[in-house]
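Q: Just a sequence and a predicted model for now, questions to come.
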Amino acid sequence: MAEDVKSIYATALRNTRALEKQGLEQMERQLSGLESYPDYAAALRDHVQTTKTQLSRLDTALEAIGERPSALKEAVTSVAGTVGALGHAMASDETLKNLFAGYAYQHDQIAAYRSLIVIAEAAGQSAQVPQFKSAIEEETKAAERIAALIEPVTETYLTRATAGAKADS
């Protein structure tokens, strides 16, 4: 059975929203343990606010086509995020693993928004495209900010870990 472009667009919006929601939950969980990494914590705090704005934009896009977020998708991605966070928490280098995952996650979101633009245009929803382009710019800046933190966070981690101080969150 063939799908129509508008239903594909609605699915893409819900998937992107679920991805953003999962990222938000992961960032909020990580923030509580980053006292030794103030620049990293600041980057996450800033991106939490950006993500909330992006979620609002996605809600607006869904409402524009008479749709709502999928509670099931968000529940599943929330569980996946929790499992991923627990996996990192059990590792001896949790802070570094979270940093790497955050960097990769930004690129995942960039790809999702790039795809969403193509789908939106095909579905005749080009009015939303500027919002999706803004999200790409925001995610690119976040990825660059995280990339710039990889070496300093790693150095701080090494210093703390080798001195017997608490290095992980």
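A: That came through, no problem.

Q: Does anything pack onto the helix or strand that contains Thr156? Which helices or strands?
A: Using DSSP states H and E, Thr156 sits in helix 129-162. Helix 129-162 is packed against helix 38-64, helix 94-122, with contacts defined by 3 or more C-beta pairs under 8 Å, 6 or more residues apart in numbering; DSSP states H and E. C-betas here are computed from N, CA, C, even on glycine.

Q: quick one: low-confidence ranges for this protein?
A: Residue ranges of the chain with pLDDT under 70: 1-2, 70-91.

Q: In it, which residue is most central in space?
A: Among the residues of the chain, the one closest to the centroid is Gly23, at 3.5 Å (C-alpha atoms, centre = their mean).

Q: Return the distance of that residue relative to Thr16.
A: Separation of Gly23 from Thr16 (C-beta to C-beta, to the nearest Å) stands at 11 Å.

Q: list residues touching both of these two?
A: Here Gly23 and Thr16 share the contacting residues Gln109, scored by C-beta atoms under 8 Å, 6 or more residues apart in numbering.

Q: re the thing from before, can you give me the buried ones in the strand or helix carrying the residue nearest to the centre of the chain?
A: Gly23 belongs to helix 5-31 when assigned by DSSP H and E. Across helix 5-31, burial judged by 16 or more other C-beta atoms under 10 Å covers 6, 9-10, 12-27, 29-31.

Q: before we move on, what about stretch 121-133?
A: Counting neighbours by 16+ other C-beta under 10 Å, stretch 121-133 gives 123, 125, 128-129, 131-132 as buried.

Q: and which of these is nearest to Tyr103?
A: Phe132 (21.1 Å; C-beta to C-beta).

Q: OK, contacts around that closest one?
A: 57, 113, 116-117, 120.

Q: Turn the residues you listed into JSON lines, including distance to Ala148.
A: Shown next, in JSON lines, are the contacts of Phe132 (distance: C-beta to C-beta, whole Å):
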{"residue": "Arg57", "distance to Ala148": "26"}
{"residue": "Tyr113", "distance to Ala148": "22"}
{"residue": "Leu116", "distance to Ala148": "27"}
{"residue": "Ile117", "distance to Ala148": "27"}
{"residue": "Ala120", "distance to Ala148": "31"}
